[in-house]
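Student: heads up, no residue letters with this:
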């Protein structure tokens, strides 16, 4: 999960969940928004990692 | 659903759209329905703690959505107020982006992220060392389990001649990342800069599987 809090170099947009199956590769897209009045140079983002729940077979695939 | 487990909803939809005026954000009402009765029971106890994650395709076409308040119960569903605006005014749909939102447009999911399900710094580090989790070499991890990473020195834009039909297919969920990957143009950006009140689309390497 991408953090949107202060302390980041710009904040990630509202698309904050990185799917554990689809997030695999060298081309993972990040959408970074600068809400401030000054430019951001070479932004950095932060993520927190959560355990995925057990799949009980009742879940469907969400759109991306 | 367990209150100590991470959870995500099905995709929610736009319920109502209030037209944007004078460059103000578009006011949206979003609706979410439960998968089953057990999920509904879980919602009634925990919905005030739910957060919203926007569909990544909408973010990738330059649309940002903010949800200042938690969702509320409305009959047999949850309702969430959202403000949408465009963070990259150079996109080919800058003039008509607000018209992409209609009742029924899929918007994203609600999620529940309890502290009990979050990996600690030591757990993340062990997962990286055992190759269970692969993150960029430039990462830093703080003691609160936050992983900091630097994106690639690239920015992406959409092809300027992308037609309205294609943009509409992306917005309404009929097309997604496979199409986006084909209509994006990659630009080297060293350094990568973001002007005030604007956004960039960039990338990183990550292997979560």
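Tutor: Ah, there it is. Keep in mind that what you see is a predicted model, and the values were worked out from it rather than measured.

Student: show me what counts as buried in stretch B:20-33.
Tutor: For stretch B:20-33, a neighbour-count test (16 or more other Cβ atoms under 10 Å in any protein chain shown) marks B:20, B:25-26, B:28-32 as buried. To be clear about C-beta, it is placed using only N, CA and C from the backbone, and glycine gets the same treatment.

Student: please apply the same query to stretch B:125-133.
Tutor: residue B:133.

Student: all helices for the chain, in order.
Tutor: Since no chain was named, I'll use chain A. Assigned by DSSP state H, chain A shows no helices.

Student: that's the wrong chain, I meant chain B
Tutor: B:37-46, B:56-60, B:121-129, B:164-171, B:177-183.

Student: out of those, which one sits most buried?
Tutor: Most buried of the helices of chain B, by mean neighbour count (mean count of other Cβ atoms under 10 Å in any protein chain shown): helix B:56-60, with a mean of 25.

Student: distance between the helix or strand of chain B with the lowest mean pLDDT and the chain's centre?
Tutor: Ranked by mean pLDDT, DSSP states H and E, the weakest helix or strand in chain B is strand B:198-207, scoring a mean of 88. Its chain's C-alpha centre and that of strand B:198-207 lie 13 Å apart, by Cα atoms, centre = their mean, to the nearest Å.

Student: which pLDDT value goes with the closest residue to residue B:169 other than its chain neighbours?
Tutor: Nearest non-adjacent residue to residue B:169, counting by Cβ to Cβ, 6 or more residues apart in numbering or on different chains: residue B:175, 4.1 Å away. Note on residue B:175: pLDDT of 87.

Student: please tell me how far residue A:30 sits from chain B.
Tutor: 5 Å (Cβ to the nearest Cβ, to the nearest Å).

Student: which residue is the nearest non-sequential neighbour of the spatially most central residue of chain B?
Tutor: For chain B, the residue nearest the mean C-alpha position is residue B:54 (3.0 Å; Cα atoms, centre = their mean). Nearest non-adjacent residue to residue B:54, counting by Cβ to Cβ, 6+ apart: residue A:14, 3.7 Å away.
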